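Participant: all I have is the shape, not the residue letters:
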């Protein structure tokens, strides 16, 4: 029996789309906030954010001899990070206002978890890079924040994306904690009197 090229191409496309359809289009991003109270005494700040990432996806699944699958965030990651920072600054005692003397801008530069297929497991390599720019009375400071982590999760056929998402959320939460605990940020915000 002879199979035509068109039939083989159609079967190959169907099998590839079946693999890709296993994965969701997006996952929930939800960083949590861990901040200590009493850092600021009702000091007003303005908080804004921008997303300058080159890609809008946050998870990239790489498997041998298969097309790379990318997965985005089902909610706006920039908004999630800004809200987490706002909650943290508020817990620390800052007042989030419009047109405050101190303006803080969060810039998302890189948020990616690469899921790489091994023999009986998946390696998850996470890279996060963000920047805070603080301005007050003509003074500006810029702080770069980076986090990277690697974990291994079992799985023969497909990675468990709930574990990958939880690991990414943990790194995003730690990034927020790093920003809120940064002494340069605290001194710059706290010196407005």
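Facilitator: Ah, there it is. Quick caveat, the model's predicted, so the values are computed rather than measured.

Participant: from residue 132, how far out is residue 143?
Facilitator: Separation of residue 143 from residue 132 (CB to CB, to the nearest Å): 5 Å. Where you see a C-beta, it was placed from the backbone N, CA and C, and this is true even at glycine.

Participant: joint contacts of those two?
Facilitator: Both residue 143 and residue 132 are contacted by 179, 182, 185, under the criterion CB atoms under 8 Å, 6 or more residues apart in numbering.

Participant: neighbour count winner among residue 143 and residue 132?
Facilitator: residue 132 (21 against 15; other CB atoms under 10 Å).

Participant: bridged to that one, which residues?
Facilitator: residue 106, residue 143 (DSSP bridges).

Participant: and it, what does it touch?
Facilitator: 104, 105, 106, 107, 142, 143, 145, 179, 182, 185.

Participant: the fourth one contacts residue 133, correct?
Facilitator: So that's residue 107. Yes. Using CB atoms under 8 Å, residue 107 is in contact with residue 133, at 7.0 Å.

Participant: mutual contacts of the two, please.
Facilitator: Counting by CB under 8 Å, 6+ apart, residue 107 and residue 133 have no common neighbour.

Participant: and those two? Which one has more around it.
Facilitator: Ranked by neighbour count (other CB under 10 Å), residue 107 and residue 133 place residue 107 first, with 18 against 15.

Participant: now that one: how far from residue 141?
Facilitator: Distance from residue 107 to residue 141, by CB to CB: 14 Å.

Participant: shared neighbours of those two, anything?
Facilitator: In contact with both residue 107 and residue 141: residue 133, using CB under 8 Å, 6+ apart.

Participant: report the buried members of the shared contacts of residue 143 and residue 132.
Facilitator: Neighbour-count burial (16 or more other CB atoms under 10 Å) is assigned, among the shared contacts of residue 143 and residue 132, to 179, 185.

Participant: so residue 185 makes contact with residue 143?
Facilitator: Yes. Counting by CB under 8 Å, residue 185 touches residue 143, with 6.4 Å between them.

Participant: mind checking the SS state of the residue nearest to the spatial centre of the chain?
Facilitator: Centroid-nearest residue in the chain: residue 111, 4.2 Å away (criterion: CA atoms, centre = their mean). Put simply, residue 111 is strand when judged by DSSP: H, G, I helix; E, B strand; the rest coil.

Participant: for it, give me its contacts.
Facilitator: Applying CB under 8 Å, 6+ apart to residue 111 gives the contacts 53, 58, 77, 127, 128, 129, 130, 168, 172.
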